[in-house]
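Q: Coordinates for the following, if possible.
(4 chains)
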Amino acid sequence: MRVLQLLILTLAFAACLPGCDPPESTFVYNTKTEELTRDVGSAVKERLDGDFGSPKNSVAWLRMPVDYGTFKGEVVEVDEDASSAYQFRVKFGSNGDEETDGEDEEDGQASPTPGEMNLAGLAIIWKSGDYAGGSQIDGGKRDGEKLATLQVAAWSKDEENGEEGLLSLRQLMDPPPAVGDTFEIVGHKLSFGRQLYAAHCQHCHGTSGDGAGPTAEYLNPRPRDYRPGKFKFQSTLKTNRPTDGDLQRIIKKGIPGTYMPSFLLLEDDEMDSIVQYVKWLSMRGEYEIKLVTQLYFDYEKVVFDEAVESALEDGLEEFEDGTRDEKPTKRSIQDELIETANADLPDIAEQESNVLKDAWTKENMTVVVPLVARTPDTAESRARGRVLYVQNCAACHGATGRGDGEQVNAYMVNDQTREKYPEPGLFDDWGQSIKPRNLTRGIYRGGRRPIDLFRRVFEGINGTPMPPFKGKFDNDKKINDARTWDLVNYIYHIPFESRGKSAGDSATKHGRTAASTPSTR
Amino acid sequence: MKHVKVYLPIAVAALLLAGVSGCGGGATDVPTITVKPAEEAASPSTDVTPTNGAKTPGVVEPPPTTGGFGTFMGRVVIKGGGVESRPALVLKGKAALDPAVCAATADIPDQSLLVSADGGLANVFVFLKKAPKNGKDSLGTEAEVLLLDQQGCIFEPHAMVVRTGTPITVKNSDSKPHNVKTKPALGQPYDKSLNQNQTGELVYDRPEPVPVGVECNFHTWMRAYQLPLDHPYGVITKADGSFEIPNLPVGTHQFVIWHERSTRSLFSRFKVKIKSDGDVVKETIEVEAAKLTDVGGAKTKTIKLSLNR
Amino acid sequence: MSTINPASTPNALAHAVHGEAAHHELSFVRKYIFSTDHKMIGIQFLITTLLMLMVGGALALAVRWQLAYPWKTMPIVGELLFAQQGGQITPEFYTMLFTMHATVMIFLVVIPVLAGAYGNFCIPLMIGADDMAFPTLNMLSYWFMWPAIACFGTSFFVGGGPASGWTSYPLLADLYEAAPGSGWAQNFWLLGVTFIGFSSMMGSINYLTTIINMRAPGMTLFRMPMTIWGMFITAILQAFALPVLTAAGFMQVGDRLFGTVFFIPSGVVVNNAAPTIGGGQPLLWQHLFWFYSHPAVYIMLLPAMGMVSDMLATMCRKPLFGYKPMVYAMAAIAGLGFIVWGHHMFTSGMNPALGMTFMISTMMIALPSAIKTFNWIGTIWGGNIRFNTVFLNCVAFVSMFIVGGLSGIFMAAVPTDIYFHDTYFIVAHFHYVLFGATLFGVFGAIVYWFPKMFGRMMNEKLGKLHFVLTFIGFNGTFFPMHMLGIAGMPRRYADPYLHPYLEHLQPMNLIMTWFAILMGVAQFVLLANFAYSMFLGPKCGRNPWDANSLEWSAPSPPGHGNFDIPPVIYRGPYEFSSPLSGDKDFLMQTEPPVTDNVNDTPPEPDDTA
Amino acid sequence: MRYFWAAFFMFWPIVAIVIFTISPAMNWWFPGAGDPDSLTKGQSMTPLGVDIDNLFYLILIITSVVFVLTHIALGYVLFRGARDEGKKALFSHGSHALEVMWTIVPTGILIFISLYQLDVWRKFRVMSSFPEAAVEAPVAEVTARQFEWRIRYPAPGKKLQLKPQPDDLYTVNDLHVPTNRPVMIQLRSEDVQHSFFAPQLRVKQDALPGQVIPVWFEVTQAGHYQLTCAELCGWGHYKMKARIVAEPQTQFGKYLHDLRNEQNDDGVQDKKSGDADDE
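A: Below is the predicted model:
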């Protein structure tokens, strides 16, 4: 009996134990980061964690053009008796010289207020008073060097008094802030975005946005990997990043023909937060890729080992020559080389983060706008479009638009290995097999507005073999755009064209078409 | 019946409840946020102040003050003779697309491995990763017209070293549409479709650590390599495998020697020591044939197309 | 503890008299593993299903956890499998969880525990046979469960697990691409169902043959205990309904593996695969599936009804109220059960006229159920009740069955079913019937027949503790589901709170989950009691409950061949508190008639007063 | 202890009844239009839905009565059984009269319920009794796919054709319908089985691949209503969150018009000049 008793008790405890230490969700590092030699790799990871943090402890790096969400406020009352304070009364919304009389001001002048929002875990930065200037309070001591890591523990709004309420902090502020000190609470969009991302996106797109969540392996096409900073459907130039509006549009409308569903009914703030979070993830991914790319060439494990070998030989020679004081060892050579990498890293990081910042800055994005309005959808226009189609598109999309052009039988070269793919067909930049769109089904992944199709033709589709055709149809830009519209008109017509013909010719050829009338998207 | 047995399961039940509730329970997934300012404070976390020069493109180096310049020249040859020649990429008249233009009169050769009769390896990139201190910047800027032509569905030239900021004219001399597409690791990609005799301008904005592949999405076999550098110390070997890099400042240089058929560079730190002004270092660089065929082999990722069936 | 009947013969004597049984001692393997003895097979079934109950319960708790704390760290499972996601499970994993919960509970717990465990154990003992008609077939029926368990087990680990619900509706279950990841898991699932089908089929043939042919002298059909009637009718249901499911399963396997298109219409594009070429009809599966699975609901209920009738009569020391109406009601349920399958498909788009027909037949099936309920209450009425664990579980059965039955009327009425179909209302309904009714019946039966199985009594206090915890946990978990259903919460949602009209239900789900955890914990009490009493419980005599039916005249546990004295039956099984029984309040079926009373001739089958 | 057990079984039905009674006040009840605190909470927004609700309440009353009566009976027999400890139980094999009584009464009730509801079912599902106005001009075609609702409207002024037309208008997860007139939609599925479930409208109909199923309803009050999927359709089943927007006919017309302008957006023309139609 005792044995049974003990057994059950042990089992019960065993069942409880894993429950006590829930695992943290983590970012997955790029495979190339893992291929770096260990010390350099961990330096890169450290850098990355310092600049972007983890899903649980995210860093709002203000250099990045991400709207992390800011609430401005000021201290209105501090408990005088307490020699120290974790909490004090604050007021939101009326900060500095801004007037907050109109809530409906949309130009960003009106400072938003948190309302009932849960502010726990957000960062607080002091803008005036003793603590201003990015100083941080660490265990009650002021430390002018480091950046602010003070965090909010809770915020409770007064029922009667608008945007006033009690703000509690996780750390002690000693001495407490003075009445009238202004501060900013930063990161609610990042925090909210992370929570929404975890609920809606993570299981497909992965915690780090690598498109390799647990569900991903079952999906065709695979979920997007944001890390290279490439987005297929955008309104901007191919070399630009997508605008917030583009990302929103994809999230709202979904991508027809794929498993990306439409999240139309997300609230505006939810949508905004998700978009900001996705941008942030994409920046983190691209930042990592760029850092590694710069280091990979020299510090990949195999290369590095070879380099150490040869440097050791040279070092020994030098030692014999007398140009070197100490006899080098493998260890010391390694350290020397890694020291170089570590010395380089801050500069590389600085450089790449600035490149990234510029890339994602709105001013550096050019939205593609046709120079002429859409040509009326007439038979003549479609006929002109047909000619262009046959010349330019049929190679991939096929003469009848079924996505069965000659290209699907050709072999592509893998950019990574510089070798042909083992299978014929087209591959995208992520190394996944893709097919030219079957235009007869009337499904347009990037949107079905004329402007969407125009942009797809004009700028191509990022990351795929679909090339841009801007300026190709005519050297005159306006004429070129008009020709593009002809082509778009024709593309719209393809589903109805194939149906209009007797099903016989194409159906027998492709077997399965009888029923594939252009299904309703 | 002993009473103690009755209490055992109660205890277990209570423990289980306590265990699960105490831990998993309402565990929230609200992240904590830390702010990192846009500009790092006066002294960043690392105590090493960057002193290495030539980090950012466009920084003009001070003119050389000491030493002088030497030359590094030599040949890249295949060790132990040649390798078997690569089969043609596209046989005459057998092009998957546009057979009227591509390989219409002759096979399209595989230019990825060009070996001369005496074993010289062409199209090898020999370059310095970073500009050396005291280097000359003026070199290589003589007004040569850089042209990337597409003729008979072949990129011409196949390999090219280019200075950042220097425009390359891309051109389509064929009667069928082409496009020119680059996917550099660091800089801006380029992608332009061209009709016959249309031209475009390809400019690299950043130096790259490895040569950039150039492709045409219409004709998947078309491929070229271009290496943008922000300094003049990079060349490609000629048809006989020879190359010459002049104006190397005195000192030790570590050259990268790279060929497209090798996954990694052939040599990542090929040391060249210029001892004094006017010094000419001559090297015959031997490359094992095996290194040139290992591309792709093991590293090719097989893409799973179907899901389960 | 109940009194041990001094009249019962001691075990030693039993062995001496029944010499046949002792003449060869079987090896361990033959006796406990590949046994052909119906009692051992019954016990094997029972222990297997109890273990499976724990598995199914764990899956249910995982489901509940997700509903209480969506996308939060799931203890143990999430932590082990999805550590990188912070222990957050994925939707397809959730789909797998509820699919496998239903599968395990239905195919590996409820059906085998009733027909397998108690059918095997009780039938020969209660009709006075020395074993089943086909002992080897009987053994096979148990051992065919293991391939099924293996198949279901394998399906957990192949791809993402079966993810089409236990109903496996095409095209979700039919096309590989539709439920991505379920691929081979779904095939294994179908294979597992087929194995279970074989197992049940073997059992049902055996039961039918045994009950029809092997009754002891004097055991007329209307002297059979209700348990036997329940098993008998269940066996008929299984024999007629199962082939349809097996056939449908093969058709689905054909669609999945061999390119047939029974259920696949033309031009369907899933996950960017090529459009299907078909001509099949997905509704066909639903018709075939529910043609089995609706009767299966009664397969999962009728034996429990029978067992509860027996236990109630015994514990109330009172004859069963309306024996014959009970039998007829059972038969009516079974008969009607075959023509109501369409009520699962009211919203599926079948012909509306069919909807009306099925609705009326479904309404009518409430009638025999009502009759049974009233009869059970009538049985308790005026009884001299023994409030022990068995009785409590039986009353819980009746009470829960009333709830489950009444909520069924909402679904039987087509217009309200339009709203309630596939909401939590239906989940509440069938859990009240399948768990509330059947499993409480089974918990009662475990305690009731435990002495006959192992010769020892179960601990009464632990039994009551288990009952109370389970009862509270059960109602706390499932009663609020009616409210969820009325509020329109659909089934099988990994995250219902995504929808604004369900957001406010999260606290309620949270409370339900904690009740469910309580209920899960309570089952450890049962296991502990079971394991403890099996070896250390107080020994008991032949008839610890003072019951009438035949099995209590055999030794506890019965030896090989069951009866030491070949039984002869003189009356029905419910002669409790009969004026003829003298001091005792029971009169066993085997007890010869008291000769000085002319009225106590071998009783007429007609016993309605 | 015997009385305790009898009381134990009587306690829980009381709890059950209490829970049911407070449910509407606690919002554990039918979803209505607008926010849960509004006056319309719990009310169906379609006439047919009102019928369904009424039927529900009728059945609820009947079943509640049965529930209460049976549990009172159960409680009574339990308490009596608890009281009669030690005595011999009543020796009775049943009662013909009672059996007949409790066979006939439920039969009557059940037949009443069955017949009473046939009309609602006919109105909802039998095509020949659909309102003519709705049948003649279906508002939209709703196609379910993993995991969203794709909606196709005919161009303003045109009729919905079975096959897509070049000028059709498309949206996703956003079905607009005019109020106060019966509207019919054509329900399709592109891949697996789905179910069109509008809880506030009490409409549910499975979408079957390969079939076009007409569904009609009439929304009496303008507003936003939920549209969800009620048939397991894969891992993203719960993600099929959409809405039905009911609005007066004029606004609905305007919506279609705006939709057409958005659909024809070529990035150049001013979107506000709504009349610039290409077609």
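Q: where does whatever residue of the stretch 301-450 of chain A ends up closest to chain B sit relative to chain D, distance-wise?
A: Closest residue of the stretch 301-450 of chain A to chain B, CB to the nearest CB: A:Glu419 (2.4 Å). Placement of C-beta: from N, CA and C, glycine included. Distance of A:Glu419 to chain D, computed by CB to the nearest CB, to the nearest Å: 36 Å.
Q: Quick check, that residue in contact with A:Met412.
A: No - using CB atoms under 8 Å, A:Glu419 and A:Met412 do not qualify as a contacting pair, with a distance of 10.3 Å.
Q: re the thing from before, who does the residue of the stretch 301-450 of chain A closest to chain B form a beta bridge with?
A: A:Asn414 (DSSP bridges).
Q: and the stretch 51-200 of chain C, which residues reach chain B?
A: C:65, C:69, C:71-75, C:86, C:88, C:159, C:176-177, C:180-181, C:183-184 (CB under 8 Å from any CB of the partner chain).
Q: Restricting to C-alpha, output stretch A:150-162 in PDB.
A: The C-alpha coordinates for stretch A:150-162 follow below in PDB (Å, rounded to 0.1, in the frame of the first residue of the first chain):
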ATOM      1  CA  LEU A 150      11.900  50.800 -16.700                       C
ATOM      2  CA  GLN A 151       8.700  49.000 -17.200                       C
ATOM      3  CA  VAL A 152       5.000  49.500 -16.400                       C
ATOM      4  CA  ALA A 153       3.400  47.000 -14.100                       C
ATOM      5  CA  ALA A 154      -0.100  48.200 -14.300                       C
ATOM      6  CA  TRP A 155      -2.300  51.100 -15.200                       C
ATOM      7  CA  SER A 156      -5.700  51.600 -13.700                       C
ATOM      8  CA  LYS A 157      -7.900  54.400 -15.100                       C
ATOM      9  CA  ASP A 158     -10.000  56.500 -12.900                       C
ATOM     10  CA  GLU A 159     -13.700  56.000 -13.600                       C
ATOM     11  CA  GLU A 160     -14.700  59.600 -13.300                       C
ATOM     12  CA  ASN A 161     -11.600  61.400 -14.300                       C
ATOM     13  CA  GLY A 162     -11.000  60.900 -18.000                       C
END
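Q: Can you list the residue ranges for strands in the stretch 101-250 of chain A?
A: A:123-126, A:136-138, A:141-143, A:152-157, A:164-173, A:182-186 (DSSP state E, counting those that start in this stretch).
Q: go on, chain D?
A: Using DSSP state E, the strands of chain D run over D:140-145, D:148-153, D:169-172, D:174-178, D:183-189, D:194-198, D:203-207, D:213-217, D:223-229, D:242-247.
Q: What are the boundaries of the helices in chain A?
A: Applying DSSP state H to chain A gives helices spanning A:2-20, A:31-35, A:38-52, A:188-200, A:202-205, A:244-253, A:268-299, A:301-321, A:330-360, A:379-388, A:394-397, A:450-459, A:477-500, A:503-510.
Q: Could you give the separation of the longest one from the chain centroid?
A: In this case it means helix A:268-299. 5 Å (CA atoms, centre = their mean, to the nearest Å).
Q: low-scoring pLDDT stretches of chain D, where are they?
A: Applying pLDDT under 70 to chain D flags residues D:33-40, D:84-85, D:269-279.
Q: what does it have sitting close to chain A?
A: Going by CB under 8 Å from any CB, the residues of chain D near chain A are D:141, D:143, D:146-148, D:150, D:152, D:163-164, D:166, D:170, D:172-174, D:188, D:190, D:235-236, D:239-243, D:262-269, D:278-279.
Q: Can you flag the buried ones in those?
A: D:141, D:143, D:146-148, D:150, D:152, D:164, D:170, D:172-174, D:188, D:190, D:235-236, D:239-243, D:263-269, D:278 (16 or more other CB atoms under 10 Å in any protein chain shown).
Q: Return only those of those residues found close to chain B.
A: Counting by CB under 8 Å from any CB, no member of these is near chain B.
Q: picking that back up, between the helices of chain A, which one is closest to A:Glu423.
A: When the helices of chain A are compared by CB to CB, helix A:394-397 sits nearest A:Glu423, at 16.2 Å.
Q: and the closest one, average pLDDT?
A: Averaging pLDDT along helix A:394-397 yields 89.
Q: any bit of that helix sitting next to chain B?
A: Yes - against chain B, helix A:394-397 shows contacts by CB under 8 Å from any CB at A:Ala395.
Q: So what touches that helix?
A: A:389, A:403, A:405-408, A:426, A:436-437, A:439, A:465-466, B:97-98, B:218 (CB atoms under 8 Å, 6 or more residues apart in numbering or on different chains).
Q: Keep only those of those that are in strands.
A: Using DSSP E, these in strands are A:Leu426.
Q: Which of the contacts of helix A:394-397 sits closest to A:Ala123?
A: A:Met466 (42.1 Å).
Q: number of nearby residues for residue 189?
A: Looking at chain A here, since you left the chain open. When counting by other CB atoms under 10 Å in any protein chain shown, one arrives at 23 neighbours for A:Lys189.
Q: actually chain D
A: When neighbours are counted by other CB under 10 Å, D:Ser189 registers 28.
Q: for A:Asp476, same thing?
A: 12.
Q: Outline the domain layout of the chain.
A: Since you didn't name a chain, this refers to chain A. Using automatic domain parsing, the domain parsing of chain A gives A:27-55+A:190-356, A:70-186, A:379-515.
Q: Correction: the question concerned chain D.
A: D:2-84, D:132-263.
Q: just these: most buried one?
A: domain D:132-263 (a mean of 21; mean count of other CB atoms under 10 Å in any protein chain shown).
Q: any bit of that one sitting next to chain C?
A: Yes - for domain D:132-263, a contact with chain C is found by CB under 8 Å from any CB, at D:146, D:190-193, D:195, D:197, D:199-200, D:202-206, D:208-211, D:213, D:226, D:228-239, D:241.
Q: Which of the strands of chain D sits closest to D:Pro31?
A: strand D:223-229 (7.2 Å).
Q: if you go through the stretch 151-300 of chain B in chain order, where are the strands?
A: B:154-156, B:159-163, B:168-172, B:178-182, B:190-194, B:199-202, B:212-215, B:223-229, B:234-236, B:242-249, B:251-258, B:267-274, B:280-287.
Q: The domains of chain A: lowest mean pLDDT?
A: Across the domains of chain A, domain A:70-186 has the smallest mean pLDDT, namely a mean of 69.
Q: What's the end-to-end length of that domain?
A: 5 Å (CA to CA, to the nearest Å).
Q: For the residue in chain C that chain D sits nearest to, which non-adjacent residue is spatially closest?
A: Scanning chain C for proximity to chain D using CB to the nearest CB identifies C:Pro265 as nearest, at 2.8 Å. Distance criterion CB to CB, 6 or more residues apart in numbering or on different chains; nearest residue to C:Pro265, sequence neighbours excluded, is D:Gly210 at 2.8 Å.
Q: got the contact list for the one you found?
A: By CB under 8 Å, 6+ apart, the neighbours of D:Gly210 are C:265-268, C:278, C:281-282, D:189.
Q: ok, now how distant is it from C:Met105?
A: 33 Å (CB to CB, to the nearest Å).
Q: How about residue 229: what's its closest non-neighbour residue?
A: If you meant another chain, say so; for now it's chain A. A:Glu286 (4.0 Å).
Q: looking at chain B here, not the other one
A: Using CB to CB, 6+ apart, the closest residue to B:Leu229 is B:Pro207 (5.1 Å).
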